[in-house]
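A.B. asks: the amino acid sequence is not available; the structure is as follows:
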């Protein structure tokens, strides 16, 4: 069985602070993909990043960066210089080799960025 | 523009009534999915379909039914057998043929049982 845990249910920061959202996963597969999605108040999930299990290089996209560490089964997401528009629920998800395109989601982290 | 549409955005239902949620996509995706989201929780898979006229149960299929008569459409019926149907329902689609295709999501339907 596979599982995704986002231990932080809610985080509140002040604008311009950096914030890291944690994601820990469990899977028996050696080949898998990890995803991050953003859910703004409108409700629609927006795809942010996909990372395969063989690529542990960190990735940076503007103010967003991701740290993938297989040794700790973690795929953490950092927002640098947070903005009010970053306020949303963020989901980490796992897709493994035996489940087609099925996603296992974490419980989500609600990020509130205050001006 | 290509995308996924869900209707209605808000839906109210009396106890004991069946209700159907619409999901349409024009992304030419073969696979479509239905998820349920409860407050403060992640998404749970209800049903999915990898091809027209075929669909499979997800983790929480009891009390729900689906059909896939057209590639573009994957309606979800919430039946009276669903004990606690009040939730936010999200539809998604993805390519198939290669693995690890990201899913694209619709705007969701919020269902409230009165």
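C.D. replies: Sure, I can see it. Remember, it's a predicted structure, so these values are computed and weren't measured experimentally. Numbering: from 1, shown residues only, chains lettered A, B, ... in the order given.
A.B. asks: from here on, contacts and neighbour counts on C-alpha atoms
C.D. replies: Noted.
A.B. asks: do you know how far the nearest residue to residue B:95 once chain neighbours are set aside is from chain A?
C.D. replies: Spatial nearest neighbour of residue B:95, chain neighbours left out: residue B:29 (4.8 Å); criterion: C-alpha to C-alpha, 6 or more residues apart in numbering or on different chains. Distance from residue B:29 to chain A, counting by C-alpha to the nearest C-alpha, to the nearest Å: 12 Å.
A.B. asks: wait, residue B:29 touches residue B:93, no?
C.D. replies: Yes - Residue B:29 lies in contact with residue B:93 (C-alpha atoms under 8 Å); the separation is 6.2 Å.
A.B. asks: next, count neighbours for the residue nearest to residue B:95.
C.D. replies: The number of residues packed around residue B:29, counting by other C-alpha atoms under 10 Å in any protein chain shown, is 18.
A.B. asks: flag every residue of chain B that's near chain A.
C.D. replies: If contact is defined as C-alpha under 8 Å from any C-alpha of the partner chain, the residues of chain B in contact with chain A are B:40-44, B:90, B:94, B:96, B:99-108.
A.B. asks: now do the contacts for residue 80.
C.D. replies: This is for chain A. By C-alpha atoms under 8 Å, 6 or more residues apart in numbering or on different chains, the residues touching residue A:80 are A:16, A:17, A:18, A:19, A:63, A:64.
A.B. asks: right idea, wrong chain: chain B
C.D. replies: B:15, B:16, B:17, B:18, B:63.
A.B. asks: possible to save those residues as CSV with secondary structure, pLDDT and neighbour count?
C.D. replies: What follows is the contacts of residue B:80, written out as CSV (DSSP: H, G, I helix; E, B strand; the rest coil; pLDDT from 0 to 100; neighbours: other C-alpha atoms under 10 Å in any protein chain shown):
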residue, secondary structure, pLDDT, neighbour count
B:15, coil, 87, 16
B:16, coil, 87, 12
B:17, coil, 90, 11
B:18, coil, 93, 15
B:63, coil, 95, 16
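A.B. asks: now flag whichever of the residues you listed is closest to residue A:94.
C.D. replies: The shortest approach to residue A:94 among those belongs to residue B:63, at 26.0 Å (C-alpha to C-alpha).
A.B. asks: I'd say the closest one and residue B:78 touch.
C.D. replies: Yes - proximity of residue B:63 to residue B:78 meets the contact threshold set by C-alpha under 8 Å, at 6.4 Å.
A.B. asks: quick one on the thing from earlier: so who does the residue nearest to residue B:95 touch?
C.D. replies: B:71, B:72, B:93, B:94, B:95, B:96.
A.B. asks: the residues you listed: which two are farthest apart?
C.D. replies: B:72 and B:96 (14.3 Å).
A.B. asks: isn't residue B:11 right up against residue B:114?
C.D. replies: No - counting by C-alpha under 8 Å, no contact exists between residue B:11 and residue B:114, whose distance comes to 10.3 Å.
A.B. asks: which one of those two is surrounded by more residues?
C.D. replies: Neighbours per residue, other C-alpha under 10 Å: of residue B:11 and residue B:114, the larger number sits with residue B:11, 15 against 8.
A.B. asks: confirm the more buried one sits in a strand?
C.D. replies: Yes - checked against DSSP: H, G, I helix; E, B strand; the rest coil, residue B:11 lies within a strand.
A.B. asks: quick one: it from residue B:86, how far?
C.D. replies: 10 Å (C-alpha to C-alpha, to the nearest Å).
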